[in-house]
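Q: Based on what follows, work out the 3D shape:
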Amino acid sequence: MKVSDLMAKKPITVSPDAPLRRANQLLHRYHLHAIIVVDDEEKVVGLLTYTDLFQKLLPSYDEIMQDQSYWLNFESIEERSRELMPLPVSEVMKTGIKTVSPHVAAVEAGALMNAHHVRQLPVTDNGKLVGVISYEDITWGILMKTCDSL
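A: Next up, the predicted model:
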């Protein structure tokens, strides 16, 4: 079973110049854990996750220790949110994202996910995004194949 057999062929993407507000809307609307960031040529330039947004939005432990108003004043978090949402995705996204070819065995893609502690991989062909595969896709594919053979 190859990646191309299990991948989602039309992943939701966002440009690096898009405001974080837009990326957040897409993450929420499509129930995504992460959104792939692509340039004008559909090349993967980054990945933005809810964890990235969470870490940027909420104060660090050191910030809380320096300014304990965060404990008592939710408005300070709301203000951080207002400042964060217009920023471009490029200021928060992760770069150097691992990708996989559609021609690779699905189990190899799964091993790559395990090795790098990621939940999904962009699928690229000749450098361009053609899909996305998640650990759910691989698990489902393997289990369905097993069930079919029973």
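
Q: Report the buried residues of the longest helix seen in the chain.
A: Looking across the chain with DSSP state H, the single longest helix is helix 135-148. With burial defined by 16 or more other C-beta atoms under 10 Å, the residues of helix 135-148 counted as buried are 137, 138, 141. For glycine as for every other residue, the C-beta is placed from the backbone atoms N, C-alpha and C.

Q: The last one reaches residue 3, doesn't it?
A: No - under the contact definition of C-beta atoms under 8 Å, residue 141 does not touch residue 3, with a separation of 9.8 Å.

Q: Please enumerate the shared neighbours of the two.
A: residue 106 (C-beta atoms under 8 Å, 6 or more residues apart in numbering).

Q: any weak-confidence spans in this structure?
A: 68-73, 148-150 (pLDDT under 70).

Q: now the strands for it?
A: Secondary structure of the chain (DSSP state E): strands at 13-14, 34-38, 44-49, 120-125, 128-134.

Q: Of the ones you listed, which is nearest residue 67?
A: strand 44-49 (26.4 Å; C-beta to C-beta).

Q: Could you give the separation of that closest one from the chain centroid?
A: Taking C-alpha atoms, centre = their mean, to the nearest Å, the mean C-alpha location of strand 44-49 is offset from the chain mean by 6 Å.

Q: again with stretch 36-47
A: Centroid separation for stretch 36-47 versus its chain: 12 Å, with C-alpha atoms, centre = their mean.
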